[in-house]
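# okay, sequence plus prediction incoming.
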Amino acid sequence: MTSHRFDPSDSLDLVPAGSTADFRGNLLSSGPSWRRFPGPLAGSDSIGTCWIPVVPESAPFTPEQRAWLNGFLAGLFSYVPAPQGHSQPPVPSLKSLTVLFASQTGNAEGLARRVAKEAARRGFAATVHDMGTYKLNQLRQEKNLLIVCSTYGDGEPPDHAKSFWLALRSDSAPSLSGLRYSVCALGDRNYPRFCQFGKDLDARLQALGAEPIYPRQDCDTDFEEPFAQWLAGVLAALDRPADNHGNGPRPEPTRNSTDDLVNIAAGQSPGPAATAQVSFSRNNPFPARLTQNRRLSGAGSNREVRHFVLSLEGSGLSYAAGDALGIWPINDPELVEQILRQLHCDGEEEVPGRNGCLLPLRLALQQHYDIVRLTERLLQLYAQRSADPRLQASLAPQTTSPRGQSLPGCHIIDLLHGFPDVRLSGREFVACLRPLQPRLYSIASSPLCYPQEVHLTVSVVRYESAGRPRKGVCSTYLADRVTPETPVRVFLHSNPGFRLPPPDTPFIMVGPGTGIAPFRAFLQERKALGARGRNWLFFGGQHQATDFLYHEEILAFQREGLLNRLDLAWSRDQDHKIYVQHLMLEHAAELWRWLEEGAAFYVCGDATRMARDVDAALLQVIQRGGGLSPDAAAEYVAMLRQQKRYCRDVY
């Protein structure tokens, strides 16, 4: 990705394309007024009067917006030149700052660009680089480095960052003494190796002699507040002399004036209140309607997979094939009532919600908090109030499992049932919970075919553990409790790293189980576009009779000639298990020919096993088909990633 350099003056151009409140258009069409002020300011005439532009009363801004803009313009034009005969101090040069990101779904990239904008506002010459295209030897020239990175799969770096990471941890990596840096790591505490790539980067940079100027920030899926704290702290640390940083307390997050200017340009007040037309997002989800809920897996299948259709009509939202839909679920009301009984609460107790507003405990448990996953804070509070040795054991350091794994069931309800003598108030209880997070699902439809609706392919989670039934929070919400009249809070999540290849490019897709979702969308889109590129799909499940998802559509694509090759792996239909990676190896020569002809290779599905096995099989395919050594095959895969021909959407 091309690097982008930001300058403080860039703030004047932060106007979103297509904004309904076009800042420049509104201001220029109104014709700024000019007001005289006494004093030797910039723009002074011969008698020492300053002329400063002001936004006229007729301009289409609110009073708050107009006041903020007038203040901004006054500050901009209030430079006082030095009197004649006095030498002016030299203009200080901007400090260089490199912002490096490693992103799989776009979150880290978006935050990195926010870092650069705020750094530019504070006097840094900031450049933003994608770790996938950044060369390791460039690090030796850097003085100040900020990294925003996500962790993917089982503690791995994002796909595009793997080559950089391999080079950084190699024995030939250069000394980085003289480099000041800090890391903001994004992750998900649902996974044992939380923020592992950020932790590994931090440790490796220190091992190579780089100096951490501010502590690493590990962010859960609700990353806005910790990111803001890290950004405020790290920019303050960069401003301090080299021998005085990194040891003080973390400062409170500060208001971002650049964001204020963006808000003004978008037709919003500088403060939190917006005055422009509503736009839907993660923090302001659209109330969609579920128009279809049908089972895809057949009777007798070990898995319940469903096809959901949600209407976006009236939202103004648009998506691309490869994107995901975010859904804010509502917790199971039966589980909420079980928890209330164990707490000896009636549900009407007043507690703070995730946004700090007070609301009844029952509502908070339904919509604001994760009431399934155990938290370390809750375990510690129970351990303080109980002498039971099982609680102490559960807090022992774990290398591969989350805290509390040693307790039966490992869910919050198991803790409440297992230790009934511990009493917590409603406020104490919710203070130990994590905020409820949205779930992301790969979109299974093309906007060219379904512009006003989104299709999802969801495996509904139901199982039993420790004598209690367990349910997936969002999957059973959609499957069991949402009706056509129920508003489902949704938002679109862009996935720029998983886009349809060019129309003429041969396309290899590996997506067993629910991993078929984006490939259904891609095939629909290629058909609608009349794309001439060949298509090859690897799909599978346990049994062909019950687990061939979308079988009618897929077979129709094959009959029509859209799907040139279809290889199916049914793991339980014979004595020995067959998975998609086995079929890849069986057809290694043909796969290699497709890759040499420029094919793109995409994978979607389970990150913990399938994606790893497919990655290993791809290396073997390249070795066998191309006659390459293991090292040369690894370089070939790195080339595919760099060319964005090897893309993954795994979870």
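Yep, that arrived. Please read these numbers as outputs of a predicted model, since none were measured by experiment.
# burial count for the spatially closest residue to Glu553 that is not a sequence neighbour?
Nearest residue to Glu553 in three dimensions, chain neighbours excluded: Arg520, at 6.9 Å (CB to CB, 6 or more residues apart in numbering). Just so you know, the C-beta spots here come from the backbone N, C-alpha and C atoms, and that holds for glycine as well. Neighbours of Arg520 under the rule other CB atoms under 10 Å: 26.
# which helix or which strand is home to Arg520?
Using DSSP states H and E, Arg520 sits in helix 517-529.
# mind listing what the helix or strand following that helix pairs with, with the direction of each?
Using DSSP H and E, the helix or strand that follows helix 517-529 towards the C-terminus is strand 535-541. In its sheet, strand 535-541 lies beside strand 507-510 (parallel), strand 565-570 (parallel), with partners assigned from DSSP bridges.
# confirm Cys149 sits in a helix?
No - assessed with DSSP: H, G, I helix; E, B strand; the rest coil, Cys149 is strand; it does not lie in a helix.
# how is this structure partitioned into domains?
The record's domain parsing of the chain by automatic domain parsing lists 10-76, 96-246, 286-328+438-493, 333-431, 507-650.
# so which bits of stretch 496-508 are buried?
Within stretch 496-508, the residues scored as buried using 16 or more other CB atoms under 10 Å are Gly497, Phe498, Arg499, Leu500, Pro501, Thr505, Pro506, Phe507, Ile508.
# mind saving the C-alpha coords of it as PDB?
Extracted C-alpha coordinates of stretch 496-508, given in PDB (Å, rounded to 0.1, in the frame of the first residue of the first chain):
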ATOM      1  CA  PRO A 496     -11.200  -4.400   2.300                       C
ATOM      2  CA  GLY A 497      -8.700  -7.300   2.500                       C
ATOM      3  CA  PHE A 498     -11.200  -9.800   1.100                       C
ATOM      4  CA  ARG A 499     -12.500  -8.500  -2.200                       C
ATOM      5  CA  LEU A 500     -13.400 -10.200  -5.400                       C
ATOM      6  CA  PRO A 501     -10.500 -10.600  -7.800                       C
ATOM      7  CA  PRO A 502     -10.500  -8.900 -11.200                       C
ATOM      8  CA  PRO A 503     -13.100 -10.400 -13.600                       C
ATOM      9  CA  ASP A 504     -10.600 -12.200 -15.800                       C
ATOM     10  CA  THR A 505      -8.600 -13.700 -12.900                       C
ATOM     11  CA  PRO A 506      -8.900 -17.400 -12.200                       C
ATOM     12  CA  PHE A 507     -10.400 -17.900  -8.800                       C
ATOM     13  CA  ILE A 508      -9.800 -20.700  -6.300                       C
END
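# may I ask which helix or strand encompasses the spatially closest residue to Ser163 that is not a sequence neighbour?
Distance criterion CB to CB, 6+ apart; nearest residue to Ser163, sequence neighbours excluded, is Ala638 at 4.4 Å. Counting by DSSP H and E, the element that carries Ala638 is helix 630-642.
# what residues sit buried inside that helix?
For helix 630-642, the neighbour count (16+ other CB under 10 Å) marks Ala633, Ala634, Tyr636, Val637, Ala638, Leu640, Arg641 as buried.
# one more: stretch 298-318?
Result for stretch 298-318 [16+ other CB under 10 Å]: buried residues 301, 303-312, 315, 317.
# could you dump these into CSV with secondary structure, pLDDT and distance to Leu235 added?
Shown next, in CSV, are the buried residues of stretch 298-318 (DSSP: H, G, I helix; E, B strand; the rest coil; pLDDT from 0 to 100; distance: CB to CB, whole Å):
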residue, secondary structure, pLDDT, distance to Leu235
Ser301, coil, 96, 53
Arg303, coil, 96, 48
Glu304, strand, 98, 49
Val305, strand, 98, 47
Arg306, strand, 98, 47
His307, strand, 98, 47
Phe308, strand, 98, 43
Val309, strand, 98, 45
Leu310, strand, 98, 40
Ser311, strand, 97, 43
Leu312, coil, 97, 38
Ser315, coil, 96, 36
Leu317, coil, 96, 34
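# just give me the closest of those residues to Gly233.
Taking CB to CB as the measure, Gly233 lies nearest Leu317 of the buried residues of stretch 298-318, at 35.0 Å.
# list the beta-bridge partners for the closest residue to the closest one other than its chain neighbours.
Distance criterion CB to CB, 6+ apart; nearest residue to Leu317, sequence neighbours excluded, is Leu492 at 5.5 Å. Leu492 has the following beta-bridge partners by DSSP bridges: Leu325.
# what ranges do the helices span in the stretch 251-400 of the chain?
With helices called from DSSP state H, counting those that start in this stretch, the stretch 251-400 of the chain shows them at 257-265, 333-343, 361-367, 376-385, 389-394.
# ok, now the stretch 451-600 of the chain?
Using DSSP H, counting those that start in this stretch, helices in the stretch 451-600 of the chain cover 473-476, 517-529, 544-547, 551-560, 580-586, 588-596.
# as TSV, those with distance to Arg294 and mean pLDDT would be great.
Below are the helices of the stretch 451-600 of the chain laid out as TSV (distance: least, CB to CB, whole Å; pLDDT from 0 to 100):
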stretch	distance to Arg294	mean pLDDT
helix 473-476	14	98
helix 517-529	15	98
helix 544-547	15	98
helix 551-560	13	98
helix 580-586	25	98
helix 588-596	34	98
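# so for Leu361, which of these sits nearest?
Closest of the helices of the stretch 451-600 of the chain to Leu361 is helix 473-476, at 18.5 Å (criterion: CB to CB).
# need the residues that contact the closest one.
With contacts defined as CB atoms under 8 Å, 6 or more residues apart in numbering, helix 473-476 is touched by 327, 329, 331-332, 370, 372, 436, 439, 458-462.
# in strands, which of those residues appear?
For the contacts of helix 473-476, the ones inside strands are Ile327, Arg439, Val458, Ser459, Val460, Arg462, with DSSP state E as the criterion.
# now the second one: closest residue in space that isn't a chain neighbour?
The spatially closest residue to Arg439, leaving aside those adjacent along the chain, is Cys474, at 4.0 Å (CB to CB, 6+ apart).
# quick one: low-confidence residue ranges for this structure.
Along the chain, segments meeting pLDDT under 70 span 1-93, 241-278, 394, 396-409.
# longest strand in it, please.
The chain, longest strand under DSSP E: strand 286-295.
# so what does that one touch, helix or strand wise?
Packing contacts for strand 286-295, counted by 3 or more CB pairs under 8 Å, 6 or more residues apart in numbering; DSSP states H and E, involve strand 304-311, strand 487-493.
# want to throw those into a markdown table with distance to Glu142?
Converted to a markdown table, the helices and strands packed on strand 286-295 look like this (distance: least, CB to CB, whole Å):
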| stretch | distance to Glu142 |
| --- | --- |
| strand 304-311 | 45 |
| strand 487-493 | 32 |
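# which of those sits closest to Arg216?
strand 487-493 (25.3 Å).
# so what does that closest one touch, helix or strand wise?
strand 286-295, strand 324-328.
# buried ones in that strand?
In strand 487-493, counting by 16+ other CB under 10 Å, buried: Val488, Arg489, Val490, Phe491, Leu492, His493.
# which two in those are spaced the farthest apart?
Val488 and His493 (15.0 Å).
# show me the contacts for Leu146.
Contacts of Leu146 (CB under 8 Å, 6+ apart): Leu97, Thr98, Val99, Leu100, Ala112, Val115, Ala119, Tyr181, Ser182, Val183, Cys184, Val234.
# next: Asp222.
Each residue near Asp222 by CB under 8 Å, 6+ apart is listed here: Arg434, Pro435, Gln437.
# SS state for it?
Secondary structure, three-state DSSP: Asp222 is coil.
# phi and psi next, for the nearest residue to Ser571 once chain neighbours are set aside.
In space, and not counting its chain neighbours, Ser571 is closest to Lys577: 4.5 Å by CB to CB, 6+ apart. As for Lys577, its main-chain torsions (degrees, to the nearest 10) stand at phi -80, psi 140.
# one more: Leu317?
phi -80, psi 140.
# my guess is it contacts His493, does it?
No - Leu317 lies out of contact with His493 (CB atoms under 8 Å); the separation is 11.2 Å.
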